[in-house]
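>>> next comes the sequence, and after it the predicted model I'd like to discuss.
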Amino acid sequence: MNAAHFSPQPYDSYTLSRRQHGSSMASGSDGGSESQQVAQQRLRIIAGHLRAPADSGSAIVAAECKAQGSEADAVQQEKRTMPRRRQDIMKWNGWGYSDSRFLFNKKGQAEFTGKRYRLSGMIIPGLKDWFESTFGASLQHKTPPTPLLNNNAVQAPTLNEPFVDDLKSSGIPFSHDAEDRVFRSHGHCLHEIFAMREGRFGRLPDVVVWPNCHNDVVKVVELACKHNVCVIPYGGGTSVSSALECPADEARCIVSLDTSQMNRILWIDEKNLTAHLEAGIIGQDLERQLNESGYCTGHEPDSMEFSSVGGWVATRASGMKKNIYGNIEDLVVHVKMVTPRGVIEKSCQGPRMSTGPDVHHFIMGSEGTLGVVTEVTMKIRPMPEYQKYGSVVFPNFEKGVACLREVAKQRCAPASIRLMDNEQFKFGHALKPQVSSLFTSFLDGLKKLYITKFKGFDQNRLCVATLLFEGDREKVLQHEKQVYDIAAKFGGLAAGEDNGQRGYMLTFVIAYLRDLGMDYYVIGESFETSVPWDRVLDICRNVKARIVGECKDKGVQFPPLSTCRVTQTYDAGACVYFYFAFNYRGLADPVHVYEQVEHAAREEILANGGSLSHHHGGKTSSRGFSFASRERSYACARLNVQDLCDTMTNHKHNPNTEVCNCAGVSVVVIIILILYVRLAGQIPIIFLILIMFPLPNEVGEGLIIGWLYKITLSIRLSHNLPCFYVSNLQKKKKNETISKISCASKIK
Amino acid sequence: MASKAVYTRGDPMLKKRDDFEDMLEERRISSDLRFAAKCFMPVLYKGLTPCTPDTLKSAALHSDPVNYVIHQVAKETGKALDDVRAEAEAILDEMAHRLQLSTVRFFAFMLSKVFKTLFHSVNVNEEGIQRLQQAIQEHPVVLLPSHRSYMDFLLMSYILYTYDLSLPVIAAGMDFMGMKFVGEMLRMSGAFFIRRSFGGDRLYWAVFSEYVKTIVKNGYAPVEFFLEGTRSRTAKSLTPKLGLLNIVMEPFLKGEVFDVSLVPVSISYERILEEALYARELLGVPKPKESTSGLFKARKILREDYGSIHVYFGQPVSVRSLAHGHVDRCQFNLMPRHIPARPREETVHFVNNTAYRLVRAQEENSVLKPWVLLATLLLQKQEAPMTLDELTERAVWLRDLSRQYGAFLHWPDQMHPSEVVSSSLALHGGLVRVSEGRVHLEQAGAAEAASSPEDQLLSRAVLVLSCASYRNQALHVFLRPALVASAVRATSSARKVEVFDCFRFLRDVFSNEFILCPGATMQDFEEACYLLEKTGALHVTQHDMAVTKRGQKTLDFLTGMLEPFLQGYLVVCRFLLEESAEALTQKSFIPAIRQFIIKHLLQGRLTQLEVLSSDLHKNALAALLRLGAVRRAQQDTLRVNKVKLQSVEDALGGKLPPPNVASARL
């Protein structure tokens, strides 16, 4: 089937593959022999656009790649951070490594265990007071998690025997061990972790497979199609968009496709500064291995310790240093994705194309619903010569935002610039480890005295921007001066490297801190948005106030922590990140309360001109959030494309039923349209039809945009994209193959 | 049908009233001078950035919206940018307030003296003050007092000063500025002046709205303005004006503040200072121009007794909670917020509804004095004056009825009803006379010295209209049941559907006259039926309604309440049908109809003197314009659609079933 889609004589093999699938064709394809000829001719042209892989013609054997890499594997295996049994080194019901966690020791002091982090093994004296005063929490009131995984609580796997047999014979490792399955049944949304801690498991994946390479994935997906089995790709498991949740009512066998063993750098192209990676490689391994050759990608999302390249692509990730290196969409040169209908990839690695909508833009952010990303070519850069942290104190948040706006205007943002509000500044302050020398604490005291007394900053209003500069030493120093000069104009005072560095540390340990909070009745989560510059202040104020107000309304007994930071700057706006946590003592259903408040906060974000998400992904699309109309249009378009690719047949999981309906209706239209395009190729007529076609009221806008996407695509497709797409248009068949292919990984 | 019915009865904006405290009590026992010089430390809005009136002005002048309009105007008119900017600055200078604490202290001293001589007591609900204090700290506050007298805004500032609350910035009509010195004094006590009309002047609108918005956004001080736009001469609430309400809501709708609290304030006077003045005005004697000398001449009023004042600070209403589910704030996301844009229909609708709800809240919280009930009764029995005992008996009956209808009645229960009645009559000695044991609606002492019958008629009309202005204070309590009662009488059918149709028609016709929330027909009907049934006047079943035996009295009373208005509208119709042959303009309409009515009154064909009220004529005309019975043609002339007008008249007169009855949705 795979071969059929990419061979240069696609039409014949297409019919062949059709028979193999035993599917019925929609009537629209019987356009007569004349149109078939036209189509064939077009497809020959199209063949030039999409490069067939070298081995495209040959049958795919799973053993192939193992033989290829057997020796190299042995060497690399040691370097791999992520073993197949992740639970050996990582928590199954919390964030990160098993050996690293915050706890309050016997003396009541906070401590971070393990050896992996800068903070590891240190005492953090300020944390307890901050924790108690901020949340009204007490060390006496504990809510420890269920310590051990109780295998009895786990549902027995629903196994599809023929599938398992085929999988066995293919030699790809797999397991249906309870621990493996539980580990892959969730991401890191609050409700997921909360359920884990309480030992409540919903529907779990039935089988976990560890493909070793692209061809393994092709094989797995092919088998899944054949046996009507669902596939959920699993990368780093750090998703916060509920994308890893298995649909509770899914009766078919669910396979969790763990990409962790596909973790090689396949090649590095120093001439073009690109690296070809397997999608399962996680951020820290990638960076470390590239550094060995003197390169880096510069892509550093906060979850980079655990999240994978495939996940980045699937969720449109954004890295901390995007000002220099760009977001994932800027970094990706080439993507290979396995869909139930075959493999999608571009035929070249050229930096830009103008042949229709970029396929990459449907892959990025598709959150695994369209297929499994297997290989990615990413840009790389020589490692920066010099790196310097910095920080600036502003008398208030307004001044800070004005400064960031100016920095963005002058386009001189450092690798990273973040502005924390007062609450977060205090939070960061509470995380200061114990200082050993009397001198440093004396110095700290002096600094504080200078800022609050001499400069007259109000301790309850001031805020801090943290900076990270990277590049040539000379340029960095020059750049640093420029930024500090701008800051000075807005009343900012340089506050030292140390404060800056601690600010960045906060983002890496925040998830560990959440686990600590959950031990003491405190739950919390973060969410982010992107918003035009003129609304940044308003959105920060309103969303924070809304959170506090909603908590009060919903009966939360203690004032919540509601804080934000401006975390990325763009030409036309900024990314704002909210932290929100509260003490849930006295609440019957804390998670429900939490979700209500979060929902309200998102509503507020939308009302204030923010987007639903900047980089966490479309959590809400799968959780029944009523899309604001603008975003709904996107969702519609996306689903229509999804439809187009015919990968997602299980619409149940996506409760946006109106979208599903419109997709159904539009198929008819599209068929008519294709006929039109083939016969006349006149676009105005298409629009005429569109206008004439009665629209269901509520869908309106989204539907139109969705259709337009489809139309442009189908027009394009009939001209220069493979028949693969076109065929799917005509061959609408539900519940045939893979159902939900979901998100691989979260970028926190 | 039930969908909208939920909203008034359990409405947090209404019902459940607090107790009053007399704030003059303390003034009578302690020094006014010390009071005026007291340490004034009001609580402030938590997000306030402190600023002076001047920085406020420059902030407004240099704001993006004003800049944008300045550029637009400069581009369109070809004027130099600086000239336009200077123009804007001039507007701002003319408008802006200059609040000074010293002036406020001066007023505090003077007003203490004045209030003590004029009034028995100034009563304020202190719980309301506490709520307000809370609200001021949380969010920007907008104070919305009812407007019955010039005193209103001085009184408001005086109260806030007394209770240590931040002094409001008050939108006042430009006419005050005409008063030399006093205008400036008012400006220094926090008033800012706006033109009454500025039609299409974009620059004025931009400067003005931005000035108000800057105050709201900054949380500088509570903004105070009168929803009704002007003093109500009839003591009925006026149809709310939406301009300023729109402006103060916009910062919330555009996300520039988290929330805005609207605080309806009801100020009820036992006796209005301008009592006779208003009546004259309604009869066509023009209002004297505000002037300082006029103010001095008016000091003779200082010698009279004006009873007490009740000021009720209502529950602060959060715009956020009002807007929830009614306005999609995302609509402002796709355009820079400083570019003026016509609001969407839903937003206009929302602001309008809110305005009505707020005026209703003002009405509900206004205090009714016993005299209001007496005036109502006296007006209904003009021909056959009652004895004192009859009056007392009926007053007690009406007291109980109005309480059942939820009126906020301040009837001293500890006194004997006859005492209450006689003390009320004494206070309003200018309107009633007791002779031969009967209560007459006559000026005491004023003998039949007037010359022509027309003058006699007019001087009596002044009396009646003054009296009516007290009756009108209670109108909102009885209005809805009265509409149903009239409908029941008019249809003489027991079928609920028909009564409803008639009710809907009457409600529609009178919606310029009374505060009837748009779109709440069903709800009003149900509420009225509920009240009538509760008091045993009506027996309502699923499809039918019948008047009970003892209900006749109530129904008589209620229809009597509406009678003058019904008569008035009929007269207006008659006039337009008979006399509109020549080109009638909107300007000449009022004098012409007045002559027409006087003629009929003198001939004895009309009896209700109240129909002389020009307010009624204006409202009736507006209603007829709205119903399409009259059309505005070129040069402001009025064209009458005789067929339509005839049908309206017939329906009002009860001769025909109401026109345009769509299928009722009962």
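Arrived safely, thanks for sending. Residues are numbered from 1 along each chain as shown, chains lettered A, B, ... in the order given.
>>> low-confidence stretches in chain B?
B:1-16, B:177-178, B:285-302, B:443-451, B:580-582, B:655-666 (pLDDT under 70).
>>> which residues of the stretch 201-350 of chain A fall in helices?
For the stretch 201-350 of chain A, the helices defined by DSSP state H, counting those that start in this stretch cover A:214-227, A:283-292, A:309-315, A:322-325, A:328-331.
>>> which among those is found nearest to chain B?
Within the helices of the stretch 201-350 of chain A, the stretch nearest chain B is helix A:328-331; the backing value is 23.1 Å (CB to the nearest CB). Just so you know, the C-beta spots here come from the backbone N, C-alpha and C atoms, and that holds for glycine as well.
>>> buried stuff in that closest one?
By neighbour count on 16 or more other CB atoms under 10 Å in any protein chain shown, the buried set for helix A:328-331 is A:Ile328, A:Leu331.
>>> show me what that helix is packed against.
strand A:372-379 (3 or more CB pairs under 8 Å, 6 or more residues apart in numbering or on different chains; DSSP states H and E).
>>> quick check: buried residues in the strand it packs on?
Residues of strand A:372-379 classed as buried by neighbour count (16+ other CB under 10 Å): A:Val372, A:Val373, A:Thr374, A:Glu375, A:Val376, A:Thr377, A:Met378, A:Lys379.
>>> chain B - how does it break down into domains?
Structural domains annotated on chain B: B:46-364, B:368-434, B:476-665, as defined by automatic domain parsing.
>>> now the terminal residues of the longest one, how far apart.
By that I understand domain B:46-364. 31 Å (CA to CA, to the nearest Å).
>>> does chain A have contacts with that domain?
Yes. Using CB under 8 Å from any CB of the partner chain, domain B:46-364 reaches chain A at B:47, B:255-256, B:258-259, B:328-330, B:332-334, B:336-337.
>>> out of those, which end up buried?
B:Gly47, B:Gly255, B:Glu256, B:Phe258, B:Asp259, B:Asp328, B:Arg329, B:Cys330, B:Phe332, B:Asn333, B:Arg337.
>>> distance to A:Leu119 and secondary structure added to those residues, as a markdown table?
Formatted as a markdown table, those follow (distance: CB to CB, whole Å; DSSP: H, G, I helix; E, B strand; the rest coil):
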| residue | distance to A:Leu119 | secondary structure |
| --- | --- | --- |
| B:Gly47 | 36 | coil |
| B:Gly255 | 38 | coil |
| B:Glu256 | 40 | coil |
| B:Phe258 | 36 | coil |
| B:Asp259 | 40 | coil |
| B:Asp328 | 45 | coil |
| B:Arg329 | 42 | helix |
| B:Cys330 | 42 | helix |
| B:Phe332 | 44 | helix |
| B:Asn333 | 41 | coil |
| B:Arg337 | 43 | coil |
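>>> biggest separation within those residues, which pair?
B:Gly47 and B:Asp328 (25.4 Å; CB to CB).
>>> quick check: B:Arg626 touching B:Asn512?
Yes. Contact criterion CB atoms under 8 Å: B:Arg626 and B:Asn512 qualify, at 7.0 Å.
>>> all strands of the stretch 551-666 of chain B, in order?
Assigned by DSSP state E, counting those that start in this stretch, the strands in the stretch 551-666 of chain B fall at B:584-585, B:630-632, B:637-640.
>>> hmm, B:Gly536 and B:Thr548 touching each other?
Yes. Counting by CB under 8 Å, B:Gly536 is a contact partner of B:Thr548 at 6.0 Å.
>>> what distance do you get for the residue positioned nearest the centre of chain A to A:Thr507?
Among the residues of chain A, the one closest to the centroid is A:Thr315, at 3.3 Å (CA atoms, centre = their mean). Distance of A:Thr315 to A:Thr507, computed by CB to CB, to the nearest Å: 17 Å.
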